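Asker: Quick one, what's the 3D model for this:
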Amino acid sequence: SKMLHSVRQAMSEFGMLREGDRVLVGLSGGKDSLTLLHVMLEMARRAPFKVEIAAATVDPMTPEYDPSPLKDYVASLGVTYHLLSKPLIEMAKEKINPKKPSICSFCSRMKRGMLYSCCRDFGYTVLALGQHLDDACESFLMSMFHNAILKTMKAHYEIQQKDVRVIRPLITVREATTAAFAADA
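Answerer: Below you'll find the model as predicted:
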């Protein structure tokens, strides 16, 4: 498919996969992360070397979010699954400054930290996230308008501690494409 070709190109261009990588896919259960899981399984299948794929969901422990259907679904794909639970909204209410509310960035940083910890605890070398081209463009515009800085999310980087790499294989894929893939899957 056109999407797989685009992902394969991006993964090659940005050197996202290496022999022996153990990849943890951040799985929210939305169309982008589910598409990413299927794409990563296909990339691992086609790779000329061994790549292991697992998935993890961060459960913020709110009544609106129920990750339970993901467990059986991921198991049906033969993928190791980690459910990481923490009352993020409650923690945010206690920790963020009410004069400068930014609950989204707090939760985002906490979720990312939980995923990094899961990588370390279980020996995953790579964290794969489902942001796509539309997300990268939105990030660029927000950075430009809010911070007067021209930057966006990176396709592939090593975190500060140098023990986990972060990849965004869908970085060249439009959101409409992930929506169409998810609808067909």
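
Asker: shaky segments in the chain?
Answerer: For the chain, applying pLDDT under 70 flags the ranges 87-107, 132-153, 185.

Asker: quick check: longest strand of this structure.
Answerer: strand 52-59 (DSSP state E).

Asker: contacting residues for residue 169?
Answerer: Listed by CB atoms under 8 Å, 6 or more residues apart in numbering, the contact set of residue 169 reads 7, 10, 11, 16, 36, 39, 40, 43, 128. For glycine as for every other residue, the C-beta is placed from the backbone atoms N, C-alpha and C.

Asker: List just the nearest of these to residue 75.
Answerer: residue 40 (16.4 Å; CB to CB).

Asker: List the contacts of the closest one.
Answerer: Going by CB under 8 Å, 6+ apart, residue 40 touches 23, 25, 53, 128, 169.

Asker: For the residue most central in space within the chain, give me its contacts.
Answerer: Taking CA atoms, centre = their mean as the criterion, residue 129 is the residue nearest the geometric centre of the chain, at 1.8 Å. Each residue near residue 129 by CB under 8 Å, 6+ apart is listed here: 26, 36, 166, 167, 168.

Asker: among the contacts of residue 169, which are in helices?
Answerer: Judged by DSSP state H, the subset of the contacts of residue 169 located in helices is 7, 10, 11, 36, 39, 40, 43.

Asker: So the last one sits against residue 10, correct?
Answerer: So that's residue 43. No - the pair residue 43 / residue 10 is not scored as a contact, 10.6 Å apart, by CB atoms under 8 Å.

Asker: Name the surrounding residues that touch the longest strand of the chain.
Answerer: Strand 52-59 is contacted from outside by 21-29, 37, 40-41, 44, 65, 67, 70, 74, 79-86, 88, 111, 114-115, 118, 122, 124, using CB under 8 Å, 6+ apart.

Asker: so what's the nearest residue to residue 182 once chain neighbours are set aside up against?
Answerer: Spatially, and ignoring its direct neighbours in sequence, residue 182 is nearest to residue 31 (3.8 Å; CB to CB, 6 or more residues apart in numbering). Counting by CB under 8 Å, 6+ apart, residue 31 touches 178, 179, 181, 182.
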